[in-house]
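One predicted model, sequence on top.
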Amino acid sequence: MNFSANQELYTYEMIEQTADFLKLRVHFQPKIGIICGSGLGSLAQDLKDRIEFPYSTIPNFPVSTVEGHAGKLIFGFLSKVPVVCMQGRFHFYEGYPLWKCAMPVRVMKLMGVSHLIATNAAGGLHKNYKVGDIMLVKDHINMMGFAGNNPLQGPNEDRFGPRFPPMNKAYDKELIKKSIEIGENLGLKDNLHTGVYTCLGGPNFETVAELRALKMLGCDAVGMSTVHEVITARHCDMHVLAFSLITNECILEYDSQNEPNHEEVMDAAKMRQDTLIKFVGKIVDYIYKERCCRP
Ligand SMILES: O=P(O)(O)O[C@H]1O[C@H](CO)[C@@H](O)[C@H]1O
């Protein structure tokens, strides 16, 4: 694998080729795209009439290398709504440049997807967050962008969107409000938050000093994904809802005996999978009825 950020960028025609390959094989048009975070692949388990594509069989697609990311694109119906699910996402630390990590979002766009639901596992920085809580992302801090790394780097492709896209309304406020309502109806009132997510490059978990700095900056949850997908989705005018499952507490004290690890992240995700399946199912249902089907 070539790890250079200077790998040849995807052309519009390559993304189109990938979308056409999938369109030929999928007989319905997905309206909502769902990206499953670490250990959250079960969000795709209830899809009816599913058509699955291992990433390695899709032209131009990267392949997943992380445990808890199965590496399949799954089309099907969730609550009777046509959706496409990424069971496994791509992270910068796997050696992929950010534009490559986010490429499936553009494929979704060319297939007709108008709404993206991005989910992730994240460390909880906010003092009130507990393992198992859900944080609806209201904003992000693009730490990788601070360091000059962005999925939109390179010549702009005007057919997707503008050179300088705004990002101050990245997360759909109405969908956040509705998701809170849906969560409360599922009995999750005490486990729901809205907050600021930040993505670091990984793969190491953060130092105590890094976490303290992020907290001072206003971050509520920390992960290694999602932001590049959201930027790419907003660039091509998709509506975005994102949420973090808080899978571990961020360790902010030097004398703590604990160390974060990927197993606890996946265990926490597994523990919450049934709840999240219901949560996402109802959100999908709402988006489809209230947004996608409106004349
Ligand atoms: O963001 P997702 O893909 O959910 O995964 C999170 O979990 C992994 C660390 O345990 C990292 O990849 C981090 O980004």
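Thanks, I have it. Residues are numbered from 1 along each chain as shown.

When you work out contacts or count neighbours from here on, use the C-alpha atoms and nothing else.
OK.

Whether the top helix by length along the chain contacts the ligand - can you check?
Across the chain, the longest stretch assigned as helix under DSSP state H is helix 262-287. Yes - counting by C-alpha under 6 Å from any ligand atom, the ligand is contacted by helix 262-287 at H262, V265.

And that helix, what does it pack against?
The contact analysis (3 or more C-alpha pairs under 8 Å, 6 or more residues apart in numbering; DSSP states H and E) places helix 262-287 against strand 72-78, strand 115-124, helix 173-185, strand 239-249.

Next, the angle helix 262-287 makes with the shortest one.
The one in question is strand 72-78. Interaxial angle of strand 72-78 relative to helix 262-287 (axes from the mean of the first three to the mean of the last three C-alpha atoms, to 10 degrees): 40 degrees.

quick revisit: could the helices and strands packed on helix 262-287 be laid out in CSV, adding distance to E210, mean neighbour count and mean pLDDT?
CSV is the format used below for the helices and strands packed on helix 262-287 (distance: least, C-alpha to C-alpha, whole Å; neighbours: other C-alpha atoms under 10 Å; pLDDT from 0 to 100):
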stretch, distance to E210, mean neighbour count, mean pLDDT
strand 72-78, 33, 23, 96
strand 115-124, 13, 26, 98
helix 173-185, 28, 17, 98
strand 239-249, 14, 25, 98
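
wait, which of these is closest to the ligand?
Of all the helices and strands packed on helix 262-287, strand 115-124 sits nearest to the ligand, with 3.4 Å by C-alpha to the nearest ligand atom.

for the helix or strand just after that closest one, what is the average pLDDT?
Using DSSP states H and E, the helix or strand that follows strand 115-124 towards the C-terminus is strand 134-141. On average, the pLDDT along strand 134-141 is 98.

Other residues contacting strand 134-141?
168, 170-171, 173, 176, 191-199, 219, 221, 227, 241-246 (C-alpha atoms under 8 Å, 6 or more residues apart in numbering).

What pairs with that strand, parallel or antiparallel?
When pairing is defined by DSSP bridges, strand 134-141 lines up against strand 192-199 (parallel), strand 239-249 (antiparallel).

That strand and the ligand, any residue contact?
No - remark: strand 134-141 sits outside contact range of the ligand, by C-alpha under 6 Å from any ligand atom, the gap being at least 12.6 Å.

Name the nearest residue to the closest residue to the ligand within the stretch 151-295 of the chain, ignoring sequence neighbours.
Closest residue of the stretch 151-295 of the chain to the ligand, C-alpha to the nearest ligand atom: M224 (3.4 Å). Among residues not flanking M224 along the chain, C199 sits closest, at 4.6 Å (C-alpha to C-alpha, 6 or more residues apart in numbering).

Then A121?
L245 (4.9 Å).

OK, contacts around the one you found?
T119, N120, A121, A122, V131, G132, D133, I134, M135, A269.

Redo these as CSV? Include distance to A44.
Putting the contacts of L245 into CSV (distance: C-alpha to C-alpha, whole Å) gives the following:
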residue, distance to A44
T119, 12
N120, 14
A121, 16
A122, 20
V131, 22
G132, 19
D133, 20
I134, 18
M135, 20
A269, 14
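
now for the helix or strand hosting E16, which elements pack on it?
E16 belongs to helix 12-25 when assigned by DSSP H and E. Judged by 3+ C-alpha pairs under 8 Å, 6+ apart, the packing partners of helix 12-25 are helix 103-111.
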